[in-house]
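Chemist: Quick check, what structure comes out for this input:
(3 chains)
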Amino acid sequence: MRYWRKPLDIDQITIPHGDVVIIEDRCKGCGFCVEYCPKDVLVMSTRFNVKGYHPPEVVKAGECVNCNLCEMICPDFAIFSVATPPVGEAPAERKEAAN
Amino acid sequence: MKTDPAGVLTGVHYLDGDFACGEGAMAAGCRFVAGYPITPSTEVVERISARFPMIGGTFIQMEDELASMAAVVGASWTGTKSMTVTSGPGFSLMMENIGLAAMMETPCVVVNVQRGGPSTGLPTMVGQGDMMQARWGSHGDYELIAMSPQSPQEAFNLTIDAFNLSETYRVPVMFMMDECVGHMTEKVVIPPADEIEVVPRRLTDKKPADFLPYRLDGAIVPEFARAGDGYRFHTTGLTHDERGYPVMSVECQEWNVHHLMDKIRLNAEQIVRVEEEQVEGAEVVVIAYGITARVTRTAIDMARRDGLKVGFLRLIVVWPFPERRIRELAGRVKAFVVPEINYGQISLEVERCAAGRAATRHVPHGGGGVHDPSSIYNAIVGAVK
Amino acid sequence: MSAVTSRSEIPVPEHPIAPFLRMDRIPHIWCPTCGIGTVVKCFATALEGSALDLDKVAIVSGIGCTGRVAGYMKLDAFHTTHGRAIPFATGLKLGRPELQVTVFSGDGDLSGIGGNHFIHAARRNIDLMVVLVNNFIYAMTGGQNAPTTPLTARSSTMPYGNFEYPFNLPRLAATCGATYVARWTCLHIRRLTKSFSEALHRKGFRFIEVITPCATLYSRLNRLGTGLDLMRFYHDHAEIRHGADLRDLEIAFQDRIVCGKFLDEERPTFSEMKDAHYGKVLGDRYRPMPPEGGWIHA
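Modeler: I've put the predicted structure just below:
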């Protein structure tokens, strides 16, 4: 990010980072997440999921800021983001869903 | 178990049938009533609205009968015993949610103080024309229970029984009064609270994770879970499985509907209730219910004075119909005489069960008044020939 | 920093909303690009962040696409008859006053067949939260005209275009006596969630209208594209005007949609009025229904 002057607390501010988790086979290809991701992290893939829809895929890995917009806007509960653990720490525990 | 004494107005009273019915409900532990005014039933809720605030009950006059029945079903799902009160036109409106109560297996009582029909009919005058509607009113296949009192005292006693039956079989019970019994004032004895037995809601003791709202486990009806107790159950008017989830398949429909029918049909002998008098050895048996039963007694006395062997069978529980008994009697009597204040409704059931082995003479009356006993007497005499 | 995509062979990580859903019934039946799922997610997020005991939250739905919401939420859930969700919910609330009851149903169900119940529950200020998902049509049954269908819009029973005036629902709710009235589209996920959160902590008749796309019926019959095209339309034509004059909230066909919170006030609820009045008139003789419900059993 470019600043016209350095903020006084620049060493305390961190930009969040997130990992996008896509539950592909639940996706119905509506395109809301792709359309409204503020960082344009997602595109519609050309793959088909098991139902014949094109799920989204992450193209700008690293740009996700864990805003959770995709998670909120997805009508099929097929996508969410989790905070990326800071460098050096183990990845957060992810529980397996009974699906 | 014994009832809550707060609702029991012990003593000897001079009450009309409507008031007695309201007292019966309160004595039975009913604490939620939603209703809409309709003659001749309104006195029931007027009584209840006056007494409920003192006994911890909630009465709400809803905007129409559809809402009343919906609210009764909703309140029943909190475990609170619930009731609504109406007459013919309102009964028709309630049918949708009576079906919902039947499908969701919700205990509740619907009081219909019958008046002349069809449609607006005779608002202040007696009829008995809703008897078939009580059984078949809502669409689809289901079974329920209907009762008919013949006096204010019975209106009190049988309302308590109606609540008990609704809890035992998890079914809406139609309490089919008529305007005459509803508006007639007689002595009503209300016993002390510890003499009144009520059937409590059969709550589950399973943990939420193990609970399925429509699992039978060999019982007549499933165990109940109250909304708000943490069971997070789902129930629906759609055809559903044990989990209460909608399933659209032939198998599920069969399972679901069979259960709704079987729980009454297979237990009919425990539910059926009649009062018989000199039926053994009779040539003719008169079958009647409600106010007509009282008129019938005069006609029977007239016939017996002529030396005729006349038996009397009074229906207290009208649905399920006492099929087995009627079939049994059909082989032994010449005829059944069925007076009703309608053009033949329960008489059709009698005729069906008699299956031609005995004649069935119905004695119709369009409504607006009770039979002249001589019309019943003439039918008896004609039947004996 | 990676992305995890799950295909059927790989175990599926749990979606954050899973504790609020009946996961054994997911995937749900709503169409691709339907917005109802988004509204459910916002509602569940609001519940998660609320102070409410979820065992005491009950959800009641009617019939229709939105009426299926009760079937997917892991609360005490009731899928009732068409239009009767509000009186059913009234019975639940009055039968066990400590319950927090939410009605979640569609525009046809709540303002059409359920219209009478809607206005009376608002009049009485029954303590209910009513979420009305408005897709301008009777979708489940194949796209018939609804009381909210805008003038000139096509539907299966108005094949030449609608000539009936539609409802202005926030105005109707407020006029009848609702104490919290808001409208959002399902695109406004954050503001909608905030509205839900606010309303969950209020008392009285709370009404939130959520405009959502219906791709399969409304959009298709009117050639408006997919649900995504409708979301883009909401993006360009929704105007947020808190406290707007209720008369300005009409929705014409493919025209601006005024969103915001229009009313947020306190008024004694039906139960509070009842308790106050009986307390005053009957004094010590008054015995209110206990919060856990009427006398139940041994």
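Chemist: Now the nearest residue to C:L52 once chain neighbours are set aside. Its backbone dihedrals?
Modeler: Of all residues not flanking C:L52 in the chain, C:Q100 sits nearest, at 5.7 Å (C-beta to C-beta, 6 or more residues apart in numbering or on different chains). From N, CA and C alone the C-beta is placed, and that goes for glycine too. The phi/psi pair for C:Q100 (degrees, to the nearest 10) reads phi -100, psi 110.
Chemist: Who does C:Q100 form a beta bridge with?
Modeler: C:V57 (DSSP bridges).
Chemist: Compute the number of surrounding residues for it.
Modeler: 22 (other C-beta atoms under 10 Å in any protein chain shown).
Chemist: Same check on C:G49?
Modeler: By the measure other C-beta under 10 Å, the count of residues near C:G49 is 13.
Chemist: Tell me the spacing between it and chain A.
Modeler: From C:G49 across to chain A, the span is 13 Å (C-beta to the nearest C-beta, to the nearest Å).
Chemist: Spatially, what comes nearest to that residue if we skip its sequence neighbours?
Modeler: Using C-beta to C-beta, 6+ apart and skipping residues adjacent in sequence, the residue nearest C:G49 is C:S197, 6.1 Å away.
Chemist: repeat for C:E98
Modeler: C:P291 (3.9 Å).
Chemist: State the helix or strand in which the residue of chain C found nearest chain A lies.
Modeler: Residue nearest to chain A within chain C: C:G37 (3.0 Å; C-beta to the nearest C-beta). According to DSSP states H and E, C:G37 maps onto helix C:36-48.
Chemist: Tell me the residues of the stretch 1-150 of chain B that contact chain C?
Modeler: B:1, B:4, B:6-7, B:29, B:31-32, B:34, B:53-58, B:60, B:62-64, B:66-68, B:70-82, B:96-97, B:99-100 (C-beta under 8 Å from any C-beta of the partner chain).
Chemist: repeat that with 7 Å
Modeler: B:1, B:4, B:29, B:31-32, B:34, B:53-58, B:60, B:62-64, B:66-67, B:70-75, B:77-82, B:96-97, B:100 (C-beta under 7 Å from any C-beta of the partner chain).
Chemist: In strands only, show me these.
Modeler: B:31-32, B:34, B:58, B:60, B:81-82 (DSSP state E).
Chemist: So which bits of stretch A:65-84 are buried?
Modeler: A:65-82, A:84 (16 or more other C-beta atoms under 10 Å in any protein chain shown).
Chemist: any idea whether the residue nearest the centre of chain A is helix, strand or coil?
Modeler: Nearest to the geometric centre of chain A sits A:V20, at 3.1 Å (C-alpha atoms, centre = their mean). Three-state call for A:V20 (DSSP: H, G, I helix; E, B strand; the rest coil): strand.
Chemist: Across the sheet, point out what pairs with it.
Modeler: Counting by DSSP bridges, the residues bridging with A:V20 are A:S81.
Chemist: Can you tell me the element the residue in the stretch 1-150 of chain C positioned nearest to chain B falls in?
Modeler: When scored by C-beta to the nearest C-beta, the stretch 1-150 of chain C has C:G91 as its residue closest to chain B, at 2.8 Å. According to DSSP H and E, C:G91 maps onto helix C:85-95.
Chemist: Quick check: residues of chain A near chain C?
Modeler: Contacts of chain A with chain C, taken as C-beta under 7 Å from any C-beta, map to A:17, A:19-26, A:28-32, A:35, A:50, A:53, A:57-58, A:61-62, A:69, A:71-73, A:75-77, A:80, A:84, A:94-99.
Chemist: Mind giving me the ChimeraX command for buried ones among the residues you listed?
Modeler: The buried residues among the residues of chain A next to chain C can be selected in ChimeraX (16+ other C-beta under 10 Å) with this line:
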select /A:17,19,20,21,22,23,24,25,26,28,29,30,31,32,35,53,57,58,69,71,72,73,75,76,77,80,84,99
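Chemist: Just the ones of the residues of chain A next to chain C in helices?
Modeler: Using DSSP state H, A:32, A:35, A:69, A:71-73 are the members of those that sit in helices.
Chemist: Pick out the most distant pair among those.
Modeler: Distance extremes for those: the farthest pair is A:E35 and A:E71 at 14.7 Å, using C-beta to C-beta.
Chemist: now stretch B:8-17: mean pLDDT?
Modeler: The average of the pLDDT scores along stretch B:8-17 is 97.
Chemist: ok, now stretch C:219-232?
Modeler: Rounded to a whole number, the mean pLDDT of stretch C:219-232 is 96.
Chemist: Return the alpha-carbon coordinates of that stretch using PDB.
Modeler: The C-alpha trace of stretch C:219-232 is given here as PDB (Å, rounded to 0.1, in the frame of the first residue of the first chain):
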ATOM      1  CA  SER C 219     -36.100 -12.800 -13.100                       C
ATOM      2  CA  ARG C 220     -36.700 -15.300 -15.900                       C
ATOM      3  CA  LEU C 221     -40.300 -14.300 -16.500                       C
ATOM      4  CA  ASN C 222     -39.200 -10.700 -16.700                       C
ATOM      5  CA  ARG C 223     -36.000 -11.300 -18.600                       C
ATOM      6  CA  LEU C 224     -33.800  -9.800 -16.000                       C
ATOM      7  CA  GLY C 225     -31.000 -12.300 -16.200                       C
ATOM      8  CA  THR C 226     -29.600 -14.400 -13.300                       C
ATOM      9  CA  GLY C 227     -29.700 -13.600  -9.600                       C
ATOM     10  CA  LEU C 228     -26.200 -12.100 -10.100                       C
ATOM     11  CA  ASP C 229     -27.700  -9.600 -12.600                       C
ATOM     12  CA  LEU C 230     -30.300  -8.700 -10.000                       C
ATOM     13  CA  MET C 231     -27.600  -8.300  -7.400                       C
ATOM     14  CA  ARG C 232     -25.800  -5.900  -9.700                       C
END
